[in-house]
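>>> Predicted model follows, preceded by the sequence.
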2 protein chains.
Amino acid sequence: MPPEAEEAIVTLRDSIEARDGSAFLKTAEEIHYADLAAVYEALDEQDDREFFLKNVSPERFSEVLPELADNLVEEALNQFRPSQQREILEATRDDDLVDILQDVSDKTRARLLGLLPKEDEELTRTLLNYGEDTAGGRMTTKIGRISTDLTVSQALDALRADLEDTETLGRIIVTDDTARPVGMVRLRDLAFNARDSSVSDIMRPVEQSILATADQEEAANLVLKYDLIILPVVDESGRLLGAITYDDAMEILEEESTEDIEKIAGLTGEQSEESYLNTSVLIHFRRRFVWLLGLAFLAIGAGYVMLRFEHVLDSVFLLSLFLPMVIAAGGNTGGQAATMVIRAMALGELEDGNILKVAWKELRLGACLGLLLAVCIAATVIFVLPAFRPTLPQNVSFPRLGLSVATALALQVTTSTLIGALLPLFARKGKLDPAVIAAPAITTIVDASGMVIYFTVVRALLGL
Amino acid sequence: MPPEAEEAIVTLRDSIEARDGSAFLKTAEEIHYADLAAVYEALDEQDDREFFLKNVSPERFSEVLPELADNLVEEALNQFRPSQQREILEATRDDDLVDILQDVSDKTRARLLGLLPKEDEELTRTLLNYGEDTAGGRMTTKIGRISTDLTVSQALDALRADLEDTETLGRIIVTDDTARPVGMVRLRDLAFNARDSSVSDIMRPVEQSILATADQEEAANLVLKYDLIILPVVDESGRLLGAITYDDAMEILEEESTEDIEKIAGLTGEQSEESYLNTSVLIHFRRRFVWLLGLAFLAIGAGYVMLRFEHVLDSVFLLSLFLPMVIAAGGNTGGQAATMVIRAMALGELEDGNILKVAWKELRLGACLGLLLAVCIAATVIFVLPAFRPTLPQNVSFPRLGLSVATALALQVTTSTLIGALLPLFARKGKLDPAVIAAPAITTIVDASGMVIYFTVVRALLGL
């Protein structure tokens, strides 16, 4: 960030603190809208937010609004008078407008829609019919589109006439007489070609398009995979409705990555557009509690196993020194394997048919990891532990203890790696979200299996 | 994906299977290069890959190469004759070329550089001097750039002359006489303006630029935050060197997200450009083992605590039923808190100054989570457990047992939440990568603290 921008942010914060309206207004007009939004989002106190909203111009705020976290939208908009609200909404891009209206209550949405000019209201209502997470719900309709029968010079005239209403000319979509997207041209193809060439001669074929009802993540992945600048969105008959632009795709990918990360950690809900500090304790609580409660009851299963093996601990209590290690090693390796597989699935690298390949890979991997860990631990038990002079029953020697613990460890790591890698794949086959049974659930499951493995193996090998 | 594209992919796979060179060649020419690369990446057998490379045209392969996972680049390139290698390298965009040369051994790199025309070789050597993860290492130099003193008509002529060498005209960068970027114009500003206007009158000021030595993630975050289509990259004197384009930024963000996810799961190394199936067991092994070994020894700490509290378990062995639950609840909530904080830091939401805010938020959150979990578990112990008729010592009643376990659980969840949220923040303050001490490490740390809390609390409350 250039030093002037950082200075401006500090000045703006100071002016809010000092309730200095004129300094605020002046700086707010100069600063980049993304920075302005960041400053607003970081305001903790309601008084500060109210001061900000009372003093910012509706025009400036219309640029800030689409950048705000979902949960801040309604409160902010409601600070403006209806005439200002109309001004704000009218200045907002159609796809952002839809996004904003999806973030407010039904009552507010109905009222805000009433403020829009008739034509915009209808378009917005149509777009609102697509789900928030679909290509249709994210697309913009303000794209450069020309008809296939134009010449370059006619096309340039058509685009010039529509310039106000066009968000991007990165790629211009060419449609046939049934409104289907059949080609794309770049503005440079038009600007640097003979004026009387025909558009249909210079256009490239449209290779990718997406249904309005398709998932937004699918759209974003197409943009990423095929290096697109714009992806046409069509209805069931293949008619052009709008487009997903590269910047929408970037936002979608960022949101979905956050969602993936949160699911892996056992966080529910799709609140990834909100910032950490701005999310209330209550919402954080709701997102975490259900998982914690379910996992707590699942973990009692591991406790039950421990209870049943009381006599093993009774005979050699020193075994409890390695119990948490064997359990945790399983949880850690299972969590690693699960995370790798879940991420590979999210990036579209793994299909259902790959289950056997994954199983074979993770089996070898788990066995190698387990064996090497086992060697390290056996060495520790045999060569290091005696120095601490712990009490052992007469019939148990250090080498025998080491081998028993190491065998249990190797088995636990191997099975946990396999469980961690395969559970997400099976979950998807069973139409569950693979990330839902991610790391924490896998850890808890392999905790219980680890208890069983540990006690069974050491009991057998130590002859207890 | 349109059905024809899917069909082509199947045909291509079949032709490889059948070793049908002419069918392969025909389909490989028609298919999108991103799909062609995906087909190649999915080939397991060396024979199949060799057939693919023997039959694909060097021209086509030059489009595929930049899409390949890092670890596949060298083997693939080496299948071509030097003259073909030159053809492939010459057809590759400068930023992709640098990326490719960074993926091969020093020896191969030196040899490949020698194949390039003098001018390209020098440029490439300069770009190679920037680290792989820096803005300079990722930028393209083939951007539209014009000088501030031109008219619109002169600018269009200049751009037309350079068209072959220009990767993007999404934004054209305007430089002053010291080669500093001072403005940007869109091609539409030139195409739809009077020919004799001056470029300096219609350009917008450059608000963002980045040093070539800056981290690529910083560059990508700027592109995302400010909705840029192109971000100028400058040297220390502020002179324009090249630019990061939105599609580079998208790739960077995707790679960094994968890296974040992997670090959170305790996977080392920066191999995120490789696909899961294509990474060898050995490399997977190396990325996971060090973490597992370290955590295993850390977990012996928890075992030591358990060993020291032998007498508690001896008196009331039923306590082992809840031991794994209390421990796991701490690990889970600590992992959740750590993940949220690490992600918020990666997205630039949290500064070092926010530590107290985070602490206060997570303290309340941990206390609420702990209390509600404790109530659920206490109710289970008091009302459900007696039905199973477990043996309890005479001086311990079910309500007293329930309250003791619940108190330990509440304490463990509260402290673990706080530890999970704060450790990554302190790690960053101490110049460590916050993700490095992520979920698995935190789980292991709170395992040990959970043992101490559990045994201390139940011993005190049950009077053992």
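Great, that's in hand.

>>> Please make it C-alpha for all contacts and neighbour counts, starting now.
Fine.

>>> Average pLDDT for the helix or strand containing residue A:75, rounded please.
Counting by DSSP states H and E, the element that carries residue A:75 is helix A:73-77. For helix A:73-77, mean pLDDT is 91.

>>> Can you name every helix or strand that that helix contacts?
Judged by 3 or more CA pairs under 8 Å, 6 or more residues apart in numbering or on different chains; DSSP states H and E, helix A:73-77 is in contact with no other helix or strand.

>>> immediately after it, which helix or strand?
Using DSSP H and E, the next helix or strand after helix A:73-77 towards the C-terminus is helix A:82-90.

>>> Pull out the buried residues from the following helix or strand past that next one.
On the C-terminal side of helix A:82-90, the closest following helix or strand by DSSP H and E is helix A:94-102. Buried residues in helix A:94-102, defined by neighbour count with 16 or more other CA atoms under 10 Å in any protein chain shown: A:94-102.

>>> which of these lies closest to residue A:88?
Among the buried residues of helix A:94-102, residue A:97 lies closest to residue A:88 (CA to CA), at 9.7 Å.

>>> one step back: so which residues make contact with the helix holding residue A:75?
Helix A:73-77 is contacted by residues A:53, A:65, A:85, A:100, A:103-105 when judged by CA atoms under 8 Å, 6 or more residues apart in numbering or on different chains.

>>> And for stretch A:51-70?
With CA under 8 Å, 6+ apart as the test, stretch A:51-70 has contacts from A:16, A:19, A:21, A:24-25, A:28-29, A:33-34, A:36-38, A:40-41, A:73, A:76, A:79-80, A:84-85, A:87-89, A:91-92, A:96-97, A:99-100, A:103, A:273-275.

>>> Generate a ChimeraX selection restricted to the buried subset of the residues you listed.
Buried subset of the contacts of stretch A:51-70, written as a ChimeraX selection, criterion 16+ other CA under 10 Å:
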select /A:16,19,24,25,28,33,34,36,37,38,40,41,73,76,84,85,87,88,89,91,92,96,97,99,100,103,273,274,275
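
>>> Could you chop chain A up by domain?
A:3-130, A:138-244, A:281-462 (automatic domain parsing).

>>> ok, the shortest one near chain B or not?
Think domain A:138-244. Yes - using CA under 8 Å from any CA of the partner chain, domain A:138-244 reaches chain B at A:160, A:169-170, A:187-188, A:191-192, A:207-210, A:224-227.

>>> Quickly check these for the two that are furthest apart.
Greatest spatial distance in the residues of domain A:138-244 next to chain B: A:160 and A:225, 31.4 Å, computed using CA to CA.

>>> Where does confidence bottom out across the contacts of helix A:73-77?
Scoring those by pLDDT puts residue A:103 last, at 87.

>>> Would you mind measuring from it to chain B?
As judged by CA to the nearest CA, to the nearest Å, residue A:103 and chain B stand 20 Å apart.

>>> next one: residue A:11
To chain B, residue A:11 is 18 Å away according to CA to the nearest CA.

>>> Likewise for residue A:31?
Residue A:31 is 10 Å from chain B, by CA to the nearest CA.

>>> what's the answer for residue A:199, then?
From residue A:199 to chain B the distance is 17 Å (CA to the nearest CA).

>>> Angles on the backbone of that residue, please.
Main-chain torsions, residue A:199, degrees, to the nearest 10: phi -60, psi -40.

>>> Burial check on it, number of neighbours?
25 (other CA atoms under 10 Å in any protein chain shown).

>>> Show the pLDDT at it.
93.

>>> residues touching it, list them.
Remark: with contacts taken as CA under 8 Å, 6+ apart, residue A:199 is in contact with A:148-152, A:155.

>>> again, 7 Å this time
Residue A:199 makes contacts with A:148-152, as judged by CA atoms under 7 Å, 6 or more residues apart in numbering or on different chains.

>>> okay, the residues you listed in TSV with secondary structure next?
Below are the contacts of residue A:199 laid out as TSV (DSSP: H, G, I helix; E, B strand; the rest coil):
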residue	secondary structure
A:148	coil
A:149	coil
A:150	coil
A:151	strand
A:152	helix
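
>>> what about the residue in the stretch 1-150 of chain A that chain B sits nearest to, which helix or strand?
In the stretch 1-150 of chain A, the residue that lies nearest chain B is residue A:34 (6.1 Å; CA to the nearest CA). Element membership of residue A:34 [criterion: DSSP H and E] is helix A:33-41.

>>> follow-up on the earlier one: which ones among the residues of domain A:138-244 next to chain B map onto strands?
Within the residues of domain A:138-244 next to chain B, residues falling in strands by DSSP state E are A:169-170, A:210.

>>> show me what contacts the residue in the stretch 151-300 of chain A that chain B sits nearest to?
Closest to chain B within the stretch 151-300 of chain A is residue A:299: 4.7 Å, counting by CA to the nearest CA. In this structure, residue A:299 makes contact with A:444, B:324-325, B:328, judged by CA under 7 Å, 6+ apart.

>>> Read off the pLDDT value for residue A:384.
93.

>>> And the one 5 residues further on, by the same measure?
Reported pLDDT at residue A:389 in the predicted model: 89.

>>> ok, how many other residues are close to it?
8.

>>> next one: residue A:7
12.

>>> From residue B:206, how far out is it?
According to CA to CA, to the nearest Å, residue A:7 stands 17 Å off from residue B:206.

>>> related to what we said a few turns ago, tell me the one among the contacts of residue A:299 nearest to residue B:236.
Looking across these and measuring by CA to CA, the closest to residue B:236 is residue B:328, at 51.0 Å.

>>> Now do the contacts for the closest one.
Each residue near residue B:328 by CA under 7 Å, 6+ apart is listed here: residue A:299.

>>> Help me confirm that it is found in a strand?
No - using three-state DSSP, the assignment for residue B:328 is helix, not a strand.

>>> Does residue A:132 fall in a helix, a strand, or a coil region?
Residue A:132, by the three-state scheme (three-state DSSP), is coil.

>>> And the pLDDT for the residue nearest to residue A:171 when sequence neighbours are not counted?
Excluding its sequence neighbours, the residue lying closest to residue A:171 (CA to CA, 6 or more residues apart in numbering or on different chains) is residue A:186, at 4.9 Å. For residue A:186, the pLDDT comes out at 88.

>>> Check residue A:439 too.
pLDDT for residue A:439: 66.

>>> what's the answer for residue A:352, then?
75.

>>> That one and chain B, how far apart?
Residue A:352 is 13 Å from chain B, by CA to the nearest CA.

>>> for that residue, what are its contacts?
Residue A:352 neighbours (CA under 7 Å, 6+ apart): residue A:429.

>>> which non-adjacent residue is nearest the residue nearest in space to the middle of chain A?
By CA atoms, centre = their mean, chain A has its centre lying nearest to residue A:256, at 2.3 Å. Distances taken as CA to CA, 6+ apart put residue A:217 closest to residue A:256, at 7.3 Å, once the chain neighbours are dropped.

>>> in which helix or strand would I find the one you found?
In this assignment (DSSP H and E), residue A:217 forms part of helix A:216-225.

>>> Summarise which helices and strands that helix is packed against.
helix A:246-264 (3 or more CA pairs under 7 Å, 6 or more residues apart in numbering or on different chains; DSSP states H and E).

>>> Counting neighbours, which bits of the helix or strand following the helix it packs on end up buried?
Later in the chain than helix A:246-264, the nearest helix or strand by DSSP H and E is helix A:281-308. Going by neighbour count (16+ other CA under 10 Å), the buried part of helix A:281-308 is A:281, A:284-285, A:287-293, A:295-307.

>>> How far off centre is helix A:281-308?
Mean-position distance between helix A:281-308 and its chain equals 24 Å (CA atoms, centre = their mean, to the nearest Å).

>>> now the lengthiest helix in chain A and helix B:281-308, what's the angle there?
Assignment by DSSP state H gives helix A:398-429 as the longest helix of chain A. Using axes from the mean of the first three to the mean of the last three CA atoms, to 10 degrees, one finds that helix A:398-429 and helix B:281-308 are set 120 degrees apart in direction.
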